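In: The amino acid sequence is not available; the structure is as follows:
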């Protein structure tokens with residue numbers, strides 16, 4: 001009997017999963033060493049950073065386990081089991097998510113080092129992974145049923161390949177903006193004073209005068225640059241990168257429902273990556289973590305939509321659907337990022353104003369309502385969609 005030929009895609013899948021886990025494990029070990037050193041030195045700030053970074057990296061390590069398992073099975077030539085629905089155990093995430101939010105919120109509310117170095121990182125992992133599990137469960141609940149190795153590959157792609165592609169592309173756009181901002185900073189009197197204060201404090205940004213920072217950030221050129229990059233360039237780049245999980249099927253073909261599901265799973269993986277590394281420890285963690293829940297739903301929904309549109313172009317040459325779904329996804333992403341930025345700017349201006357009142361400003365409240373509406377819309381796309389039976393021949397190939 002001839003040995004089964006190993007698919008190049010499965011080999012690449014295994015290398016990506018193992019590479020991601022290797023990097024994550026290295027980061028965990030490095031940050032654990034920094035944590036121990038910081039505790040010995042009595043540096044609580046560095047210890048908190050190390051504990052949080054180690055927890056985020058450990059979350060990546062855990063999330064890539066299914067992908068590594070299925071990739072290794074494929075490389076070893078093990079036969080693929082028949083596709084089955086996702087086990088109902090995923091519903092335990094409905095309990096773990098609020099529990100993680102509660103534990104993390106209490107840990108930062110008490111703000112003691114014993115809790116922020118132990119309970120808070122665990123809560124961070126618990127909430128991030130719970131959201132990812134919920135997204136996978138909700139996306140697969142409406143069908144179609146896909147092979148486990150294909151689902152794991154899509155999720156792992158969102159956790160490893162897509163962030164890599166997005167970061168590389170975004171850095172290319174960011175570099176000229178940073179250079180321009182630096183020139184403007186040096187050329188202005190306030191900017192020069194800020195730089196001197198920053199250098200005199202040894203690079204500690206907290207030593208800067210908040211009012212000076214707020215005044216600088218409120219300048220039209222700076223506002224335009226920040227919004228143009230985060231609410232303009234980033235969504236355009238990421239909505240292309242988030243279709244990466246279906247690129248290898250463009251010639252073979254997937255049904256529309258399969259393309260949406262594969263894209264949504266990749267978007268869930270990308271949402272997990274952002275949740276683990278964009279949420280920062282501190283008193284505002286609970287609000288940020290809740291916002292990341294909505295952001296993860298948005299990433300999954302828009303990735304599913306754009307992947308469906310891309311497959312419609314590949315199968316039927318319906319380029320108007322590909323462009324239309326891309327435009328819808330980018331618009332949703334632009335609106336999300338702009339609203340999130342607006343809440344940050346609103347809070348910055350309110351905190352530095354001598355007449356600031358407690359609570360959200362009207363602008364901040366409106367921006368938060370926009371975020372809630374987008375989160376509910378993404379949930380509706382994932383949960384209420386009706387997959388159309390347009391299965392193609394050789395859909396979801398085993399390779």
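Out: Looks like it came in fine. As the structure is a prediction and not an experimental result, all values here were calculated from the model.
In: C-alpha only now, for contacts and for neighbours.
Out: Fine.
In: Contacts only, for the nearest residue to residue 82 once chain neighbours are set aside.
Out: Among residues not flanking residue 82 along the chain, residue 147 sits closest, at 7.0 Å (CA to CA, 6 or more residues apart in numbering). By CA atoms under 8 Å, 6 or more residues apart in numbering, the contact list for residue 147 reads 80-84, 396.
In: what about residue 147, distance to residue 159?
Out: To residue 159, residue 147 is 19 Å away according to CA to CA, to the nearest Å.
In: what's the burial count for residue 158?
Out: By other CA atoms under 10 Å, 30 other residues sit near residue 158.
In: Return the distance of the helix or strand it falls within from the chain's centre.
Out: Element membership of residue 158 [criterion: DSSP states H and E] is helix 148-159. Helix 148-159 sits 15 Å away from the centroid of its parent chain (CA atoms, centre = their mean, to the nearest Å).
In: And for stretch 110-121?
Out: Remark: stretch 110-121 is offset 24 Å from the chain centroid, using CA atoms, centre = their mean.
In: One more: stretch 50-65?
Out: The answer for stretch 50-65 is 14 Å, by CA atoms, centre = their mean.
In: which residues sit against that stretch?
Out: Here stretch 50-65 has contacts from 17, 20-21, 24-25, 27-29, 31-32, 34-35, 117-118, 121-122, 124-125, 129, 156, 159, 273, 276-277, 280-281, using CA under 8 Å, 6+ apart.
In: Test my guess that residue 223 contacts residue 217.
Out: Yes - between residue 223 and residue 217 there is a contact under CA atoms under 8 Å: 6.5 Å.
In: Quick check: buried residues in the very next helix or strand once past the helix holding residue 158?
Out: Under the assignment DSSP H and E, the closest C-terminal helix or strand after helix 148-159 is helix 161-187. Neighbour counts over helix 161-187 (16 or more other CA atoms under 10 Å) mark 161-163, 165-167, 169-170, 174, 177, 185 as buried.
In: again with stretch 220-232
Out: Those would be 222, 225-227, 229-232, for stretch 220-232 by 16+ other CA under 10 Å.
In: ok, so of those residues, who is nearest residue 142?
Out: Set against residue 142, the nearest of these by CA to CA is residue 231 (31.3 Å).
In: which sections of the chain are below the confidence cut-off?
Out: 1-6, 190-191, 194, 198, 200-214, 348-360, 387-399 (pLDDT under 70).
In: and with 80 instead?
Out: 1-7, 111-113, 143, 181-222, 344-361, 364, 386-399 (pLDDT under 80).
In: Please, which helix or strand holds the residue nearest to residue 163 when sequence neighbours are not counted?
Out: Nearest non-adjacent residue to residue 163, counting by CA to CA, 6+ apart: residue 270, 6.8 Å away. Residue 270 is part of helix 256-278, with elements assigned from DSSP H and E.
In: Identify the residues contacting stretch 256-269?
Out: 132, 135-136, 139-140, 143-144, 146, 150-151, 154-159, 242-243, 245-246, 296-297, 299-308, 311-312, 387-391, 396.
In: neighbours around residue 264, how many?
Out: Residues lying near residue 264 (other CA under 10 Å) number 36.
In: Repeat that for residue 114.
Out: Residues within reach of residue 114, counting by other CA under 10 Å, total 11.
In: Would you quantify the distance from residue 30 to residue 302?
Out: 35 Å.
In: I misspoke; the intended subject was residue 369.
Out: Residue 369 sits at a distance of 19 Å from residue 302 (criterion: CA to CA).
In: higher neighbour count, those two?
Out: Counted by other CA under 10 Å, residue 369 and residue 302 do not tie: residue 302 has more neighbours, with 29 against 13.
In: Let me see the contact set for the more buried one.
Out: Listed by CA under 8 Å, 6+ apart, the contact set of residue 302 reads 239, 264, 267, 329-330, 332-333, 378.
In: Closest to residue 255 out of the residues you listed?
Out: Scanning the contacts of residue 302 for proximity to residue 255, where the rule is CA to CA, the winner is residue 264, at 14.1 Å.
In: which residues touch residue 323?
Out: Counted by CA under 8 Å, 6+ apart, residue 323 has contacts residue 309.
In: do that again at 7 Å, thanks
Out: If a contact means CA atoms under 7 Å, 6 or more residues apart in numbering, then residue 323 has no contacts.
In: Work out for me the element it sits within.
Out: Residue-wise, residue 323 maps onto helix 319-352 under DSSP H and E.
In: Verify the contact between the residue nearest to residue 163 and residue 157 for me.
Out: No - if you go by CA atoms under 7 Å, residue 270 and residue 157 don't touch, sitting 8.1 Å apart.
In: Pull up the overlap in contacts between the two.
Out: When CA under 7 Å, 6+ apart defines a contact, no residue borders residue 270 and residue 157 alike.
In: ok, back up a step: could you point out which of the buried residues of stretch 220-232 is nearest to residue 196?
Out: residue 222 (19.8 Å).
In: residues in contact with the nearest residue to residue 361 once chain neighbours are set aside?
Out: Once flanking residues are discounted, residue 361 sits nearest to residue 346: 7.0 Å by CA to CA, 6+ apart. Contact analysis of residue 346 by CA under 7 Å, 6+ apart lists 361, 363-364.
In: For the nearest residue to residue 322 once chain neighbours are set aside, pull up the helix or strand it's in.
Out: By the measure of CA to CA, 6+ apart, the closest residue to residue 322 outside its immediate chain neighbours is residue 309, 4.1 Å from it. Using DSSP H and E, residue 309 sits in helix 285-316.
In: buried residues in that helix?
Out: Neighbour-count burial for helix 285-316 [16+ other CA under 10 Å]: 285-286, 288-315.
In: Taking helix 256-278 as reference, get the angle to that helix.
Out: Computed by axes from the mean of the first three to the mean of the last three CA atoms, to 10 degrees, the angle separating helix 285-316 from helix 256-278 equals 150 degrees.
In: next one: stretch 104-123 to chain centre, how far?
Out: Centroid separation for stretch 104-123 versus its chain: 23 Å, with CA atoms, centre = their mean.
In: can you give me the end-to-end distance of stretch 309-327?
Out: Span of stretch 309-327 from end to end, CA to CA: 10 Å.
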